[in-house]
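S.K.: One predicted model, sequence on top.
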Amino acid sequence: MAVSAAAATSAPESAIGWDAKNGYLKCDGAIDGSIAWPSAPQAACIAMLMCANERALSAERHQRLIEQIRRVPGCGEP
């Protein structure tokens, strides 16, 4: 019984790693600024591009993500 209850409860966004299968769940918070992007530029770029490709975003959030991607040195367009 405890196993099924634990499986039904989702982990908070902050507990999910960017490299996790469900890392895309962090995208909204990162774009909005309540969750930090990875600190290394290359890791941040990978996470941002994953968000652009894996997460359905509103037009406004997508635009903010594009602006954030353009501030990361060497990170290309999604």
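M.R.: Thanks, I have it.

S.K.: hmm, which helix or strand of this structure has the shakiest average pLDDT?
M.R.: Least confident helix or strand of the chain, by mean pLDDT, DSSP states H and E, is helix 2-8 with a mean of 45.

S.K.: show me where pLDDT drops low in this structure?
M.R.: For the chain, residues meeting the criterion pLDDT under 70 lie at 1-14.

S.K.: what comes up buried for the longest helix along the chain?
M.R.: Longest helix in the chain by number of residues (criterion: DSSP state H): helix 41-54. Using 16 or more other CB atoms under 10 Å as the test for burial, helix 41-54 gives Ala44, Cys45, Ile46, Ala47, Met48, Leu49, Met50, Cys51, Ala52. (C-beta placed from N, C-alpha, C; glycine too.)

S.K.: rewinding a little: can you name the next helix or strand after the least confident helix or strand of the chain?
M.R.: helix 27-32 (DSSP states H and E).

S.K.: Give the buried residues for that next one.
M.R.: By neighbour count on 16+ other CB under 10 Å, the buried set for helix 27-32 is Cys27, Asp28, Ala30, Ile31.

S.K.: Quick check: closest non-adjacent residue to the third one.
M.R.: The shortest distance from Ala30 to any residue other than its chain neighbours is 5.2 Å, reached at Trp37 (CB to CB, 6 or more residues apart in numbering).

S.K.: now swap in the first one and tell me
M.R.: Ranked by CB to CB, 6+ apart and with sequence neighbours excluded, the top spatial neighbour of Cys27 is Cys51, at 3.7 Å.

S.K.: now the nearest residue to Leu65 once chain neighbours are set aside: how far from Gly23?
M.R.: Residue nearest to Leu65 in three dimensions, not counting chain neighbours: Ile31, with 5.1 Å by CB to CB, 6+ apart. Using CB to CB, to the nearest Å, Ile31 is found at 13 Å from Gly23.

S.K.: OK, contacts around the residue nearest the centre of the chain?
M.R.: Nearest to the mean C-alpha position of the chain, counting by CA atoms, centre = their mean, stands Cys27 at 2.8 Å. By CB atoms under 8 Å, 6 or more residues apart in numbering, the contact set of Cys27 is Met50, Cys51, Glu54, Arg55, Leu57, Leu65.
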